[in-house]
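Colleague: Based on what follows, work out the 3D shape:
(2 chains)
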Amino acid sequence: DTAVSQTPKYLVTQMGNDKSIKCEQNLGHDTMYWYKQDSKKFLKIMFSYNNKELIINETVPNRFSPKSPDKAHLNLHINSLELGDSAVYFCASSRSGISYEQYFGPGTRLTVT
Amino acid sequence: DQQVKQNSPSLSVQEGRISILNCDYTNSMFDYFLWYKKYPAEGPTFLISISSIKDKNEDGRFTVFLNKSAKHLSLHIVPSQPGDSAVYFCAALGAGGTSYGKLTFGQGTILTVHP
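Modeller: Numbering: from 1, shown residues only, chains lettered A, B, ... in the order given. Purely as a prediction, here's the structure:
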């Protein structure tokens, strides 16, 4: 029983396409996050939702749009994919008030050709 | 402008010896410092944390030391085991300003423990 799951695990697509990555957590957490790990291996926060409300919105292109249908899900939709979007995307969750202890999903490796 | 840095991309240690992983930061507004461990094809896993008001936290074989004046923290693993081989990320939680509530990660250090 996976705590934080992401689908798909791998995603290969062409420039200009629109794609979504799904994330689900079964830990009962009320805060969820999206991170991007770039080619230099830095993990950078993109978005955070608390109880379905957006609380962190880093400077990312507005082609990236997170959606949280409920506390257990946080999906990431990306429009008009570009080569520079190629990266590993991690979803994570945490309890409110203990946001340093985050539980990560296995990652989605996105390759844009 | 990377606020959390791990200057050693890799570290190789013999089983049973001590592993010391280092991390430097520049932002004085960090509230907590953490270490995460990552195996290939998995997400990072929380390992240990330390509050900015402490200088040491120990959990079994893992000890984190914080030197606020030097803006430096380190993770000691003793004794090191082959199963500790992984990528270790240092991270810091912002306490105010634009970093509030955000985890900022270093770029990771690959630890290899040889049997």
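Colleague: Can you report how many residues neighbour the closest residue to chain B within chain A?
Modeller: Minimum separation of chain A from chain B (C-beta to the nearest C-beta) falls at residue A:104, amounting to 2.9 Å. Glycine gets a C-beta too; all of them are placed from N, C-alpha and C. Neighbourhood size, residue A:104 [other C-beta atoms under 10 Å in any protein chain shown]: 22.
Colleague: check contacts around it.
Modeller: Residues near residue A:104 by C-beta atoms under 8 Å, 6 or more residues apart in numbering or on different chains: A:4, A:35, A:90, A:91, A:92, B:43, B:44, B:45.
Colleague: Please indicate which of these are buried?
Modeller: A:4, A:35, A:90, A:91, A:92, B:43, B:44 (16 or more other C-beta atoms under 10 Å in any protein chain shown).
Colleague: list the contacts for the residue most central in space within chain A?
Modeller: Nearest to the mean C-alpha position of chain A, by C-alpha atoms, centre = their mean, lies residue A:34 at 3.1 Å. Contacts for residue A:34 (C-beta under 8 Å, 6+ apart) come out as A:23, A:45, A:46, A:47, A:48, A:66, A:74, A:76, A:89, A:90, A:91, A:92.
Colleague: Of those residues, which belong to strands?
Modeller: A:23, A:45, A:46, A:47, A:48, A:66, A:74, A:76, A:89, A:90, A:91, A:92 (DSSP state E).
Colleague: Mind listing the strands the least confident helix or strand in chain A by mean pLDDT pairs with, and their directions?
Modeller: One helix or strand of chain A scores below all others by mean pLDDT, DSSP states H and E: strand A:53-57, with a mean of 84. Strand A:53-57 has its sheet partners listed here by DSSP bridges as strand A:43-50 (antiparallel).
Colleague: sorry, back to before: could you dump the contacts of residue A:104 to a markdown table with pLDDT?
Modeller: Formatted as a markdown table, the contacts of residue A:104 follow (pLDDT from 0 to 100):
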| residue | pLDDT |
| --- | --- |
| A:4 | 97 |
| A:35 | 96 |
| A:90 | 97 |
| A:91 | 97 |
| A:92 | 96 |
| B:43 | 95 |
| B:44 | 96 |
| B:45 | 96 |
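Colleague: Tell me where chain A is predicted with low confidence.
Modeller: Applying pLDDT under 70 to chain A picks out residues A:1, A:97-98.
Colleague: now do 80
Modeller: Residue ranges of chain A with pLDDT under 80: A:1-2, A:59, A:97-99.
Colleague: For chain B, give me the ranges with low pLDDT.
Modeller: Using pLDDT under 80, chain B drops low at B:1, B:96-100.
Colleague: Residue numbers of chain A in contact with chain B?
Modeller: A:4, A:40-45, A:48, A:55-56, A:90, A:92, A:99-107 (C-beta under 8 Å from any C-beta of the partner chain).
Colleague: Okay, and the residue nearest to the centre of chain A sits in which element?
Modeller: Residue A:34 belongs to strand A:31-37 when assigned by DSSP states H and E.
Colleague: tell me how far that strand is from the chain's mean position?
Modeller: Averaging C-alpha positions (C-alpha atoms, centre = their mean, to the nearest Å) puts strand A:31-37 5 Å from its chain's average.
Colleague: Then stretch B:30-48?
Modeller: Centre-to-centre, stretch B:30-48 and its host chain are 8 Å apart (C-alpha atoms, centre = their mean).
Colleague: Quick check, the residue in chain B closest to chain A?
Modeller: Residue nearest to chain A within chain B: residue B:43 (2.9 Å; C-beta to the nearest C-beta).
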